[in-house]
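> I'd like to go over a predicted model; first the sequence, then the structure.
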Amino acid sequence: MYLSTIDRPRGGHGRRGVRGTVAAVGPNVLALGAVSLLTDVSAEMVTAVLPLYFVLALHLGPAAYGLMDGLYTGATALLRLVGGYAADRTRRRKAVAGIGYGISALAKLGLMAAGSSVPALGAVIVADRAGKGLRTAPRDALITLSVPESVLGRAFGIHRAMDSVGAFAGPLAALGVLAAVGTTSPDAFHALFLTSFCVAAAGLLALAGLARDHRDERPVAPGAASLKKAGELLRTAALRRLLCAAGLLGLATVGDGFVHLLLMRRQSMPMGWFPLLAVGTNLVYLLLAAPLGALADRYGRRTVLLGGYGALLAVYLLLCGPLSGAPLTVAALCCYGAFYAATDGVLMALAGPLLPAGLRTTGLACVQTVQALAYFGSSAAFGLAWSAWGTTAATAGAAGATVLAVAATAVLLRDRADRISPALQKAGPA
C-alpha cells in the first residue's frame, strides 16, 4: 500500500544525517515537540508508578487492573473525535489542542485536592485523559500540515523522539522530587503533583508562544468540515482499510503496565525499581524514533510499521520464554522501545496523506479512536486471561494475536492507497 505517492515519497530524500533531518521538518514541528516534551515530563511524573499503585497499594487483581488500564486509555476515546471535528470545523487546531493541554495541566492540581478518595482520583484521571483525547489529533494534524508529504515520517520521528525525552525524564524527575522531600513526608506527593503542574503549565506556555497554527493558502469551501463530509471521508476505501488495520493492531497491544509488571514478576525486582522500567523503554524509544521515521520515508511506512509489531511479538515471546534476570529485562525493553519508535508516529504519517487538509484532524482522530477502543478491549481481555490461565498462557495468547494481526494488516495494506474523492478534495489541499 502507498507504494509511490504515499508509502514512498516523491522526489529526493533530503539532506542526510541528524542535522539535515531536523532542518527538513521545520520550526513548527520542533515547537510542537517541545510542548510534548514538557507535557510528557509532567504526565510521566505521575503515571509511571500507577500500575504498581493499583496492583500493590489498592490490591487490584489482574482482571480488575486490566479493566482500569483499558478505561484509562479507552474511556475518553470518543473525545478524540470531538476534538478532531471541532478543530476542523473551527479551523483552530492550535486552540483546541491548547484546551486539551490546559485540562491535563489542571488535573495535576486536582490530584492534590482528591487526596485518598478513590472516586475523586478516578474523576481526576478521567479529566487528564480527556485532555489528552482532545489535544492529540489536532496536534498531529498540525504536524502533517507543517511539512511536505515526503518527510512526514521524519517529522513524526523527530516529534516522537522529543516526546519520549519527556517520558524518559518524567520518572527520573519524580524520583528526584520524592528523594528531596522525603517519601515518608505526608506532603511528598503534594510536592510531586505541584511540580508536575508547573511543568505542564510551561508546556502550555510553549504552545501559545512557539507553535503556529496552520492557515490554508486558499479558502476552505463552505461546509467542507461538515458531518456529511466526515461521513463521506469514512466511506473512502483506503481509510477504511487503515482503520481496520489500526483496530486489529490495537487488539494485539496489551499495554505498558502489563509488560512492566510481568518483567518485575519474572525477576523479583524491588518495587523501588519499577519506574525505571518505563525509563528504559522510553530511552530506547527516543534513540530510535527519528532514525526509524527516516527509514519509513525512504523504504516504506507500511514496512516499518509491520516491523514494529514484529518487535512487540518478540517482547511477548521473551516474556513467556526461558530467559530471566537482567538479559530478559534488557532484551524486552529494547524490543518494546523499538516497537513504539516504529509504530506510533509512523501510523500517523501513513494516515496523513490519505486525508484532505480540511478534514485532516477528524481523520486522524478516527484512527486514534479505533486504536484506543481496541486497546481497551485488549487490556481487559489480557487481564481476564491472566486471571484464568496464568501469565505464561496469557502472554502466549497475546503473541498469537499479534501474528494474526500482522498477517491481516499486511493483506489490508498491500495495495496502493486510493486517492480521496474530488468532492473531499474541496475540504482543503492534501
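Arrived safely, thanks for sending. Numbering: from 1, shown residues only.
> Name all residues that make contact with A245.
With contacts defined as C-beta atoms under 8 Å, 6 or more residues apart in numbering, the neighbours of A245 are 408-409, 412-413. No exception for glycine: its C-beta is placed from N, CA and C like everyone else's.
> Now, the residues you listed that are in helices?
Among the contacts of A245, the members falling in helices (DSSP state H) are 408-409, 412.
> Could you name the helices and strands sitting against the helix or strand harbouring D163?
Per DSSP states H and E, D163 falls inside helix 152-181. Packed against helix 152-181 by the contact rule (3 or more C-beta pairs under 8 Å, 6 or more residues apart in numbering; DSSP states H and E) you find helix 17-47, helix 118-144, helix 188-210, helix 274-299, helix 325-351.
> Buried residues of the second one, list them for me.
Translated: helix 118-144. 121, 124-125, 128-144 (16 or more other C-beta atoms under 10 Å).
> what's the spacing between the helix holding D163 and its chain's center?
Centroid separation between helix 152-181 and its chain, computed with C-alpha atoms, centre = their mean, to the nearest Å, is 13 Å.
> in the stretch 251-400 of the chain, which ranges drop under the pLDDT threshold?
269-272 (pLDDT under 70).
> do that again at 50, thanks
For the stretch 251-400 of the chain, no stretch is flagged by pLDDT under 50.
> Can I get the helices and strands packed on helix 152-181 in TSV including distance to L319?
Output for the helices and strands packed on helix 152-181, formatted as TSV (distance: least, C-beta to C-beta, whole Å):
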stretch	distance to L319
helix 17-47	21
helix 118-144	26
helix 188-210	30
helix 274-299	13
helix 325-351	7
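> for the ones you listed, which one sits closest to C244?
With C-beta to C-beta as the measure, helix 325-351 is the member of the helices and strands packed on helix 152-181 nearest C244 (12.7 Å).
> Buried ones only from the ones in helices among the contacts of A245, please, as a PyMOL command.
Restricted to buried positions by 16+ other C-beta under 10 Å, the PyMOL selection for those reads:
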select buried, resi 409+412
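> Just give me the closest of the ones in helices among the contacts of A245 to T343.
Among these, and counting by C-beta to C-beta, the member closest to T343 is T409, at 10.9 Å.
> Can you tell me the element the closest residue to the closest one other than its chain neighbours falls in?
Residue nearest to T409 in three dimensions, not counting chain neighbours: A245, with 4.3 Å by C-beta to C-beta, 6 or more residues apart in numbering. Using DSSP H and E, A245 sits in helix 237-251.
> Also T361?
Assigned by DSSP H and E, T361 falls within helix 360-389.
> who are the neighbours of that helix, in terms of helices and strands?
helix 62-74, helix 77-90, helix 118-144, helix 227-234, helix 237-251, helix 256-266, helix 325-351, helix 391-412.
> List the buried residues in stretch 148-167.
Counting neighbours by 16+ other C-beta under 10 Å, stretch 148-167 gives 149-167 as buried.
> The helices and strands packed on helix 152-181: which one's closest to A179?
Closest to A179 of these, according to C-beta to C-beta: helix 188-210, at 9.5 Å.
> How far away from the center of its chain is that closest one?
The answer for helix 188-210 is 20 Å, by C-alpha atoms, centre = their mean.
> now that helix: mean pLDDT?
For helix 188-210, mean pLDDT rounds to 88.
> Not counting it itself, show me its contacts.
31-32, 34-39, 41-43, 45-46, 94, 97-98, 101-102, 104-106, 108-109, 111-112, 173-174, 177-178, 181-182.
> Now do stretch 359-366: distance to the chain's middle.
The mean C-alpha position of stretch 359-366 is separated from the chain mean by 15 Å, C-alpha atoms, centre = their mean.
> Any figure for the gap between the residue nearest in space to the middle of the chain and R265?
Nearest to the geometric centre of the chain sits D344, at 5.7 Å (C-alpha atoms, centre = their mean). Separation of D344 from R265 (C-beta to C-beta, to the nearest Å): 26 Å.
> Could you do G102 as well?
In terms of C-beta to C-beta, G102 sits 38 Å off from R265.
> Pick out whichever of those two has more residues nearby.
G102 (18 against 11; other C-beta atoms under 10 Å).
> That one and G131 touch, don't they?
Yes - with contact defined as C-beta atoms under 8 Å, G102 reaches G131; the gap is 7.2 Å.
> Identify the residue nearest V25 in space, chain neighbours excluded?
A155 (4.3 Å).
> mind listing what the one you found touches?
24-26, 29, 143-144, 146-147, 293, 349.
> Lowest-confidence member of the residues you listed, which is it?
A24 (66).
> The helix or strand encompassing L317: how far from the chain's middle?
According to DSSP H and E, L317 maps onto helix 301-319. How far helix 301-319 lies from its chain's middle: 16 Å, per C-alpha atoms, centre = their mean.
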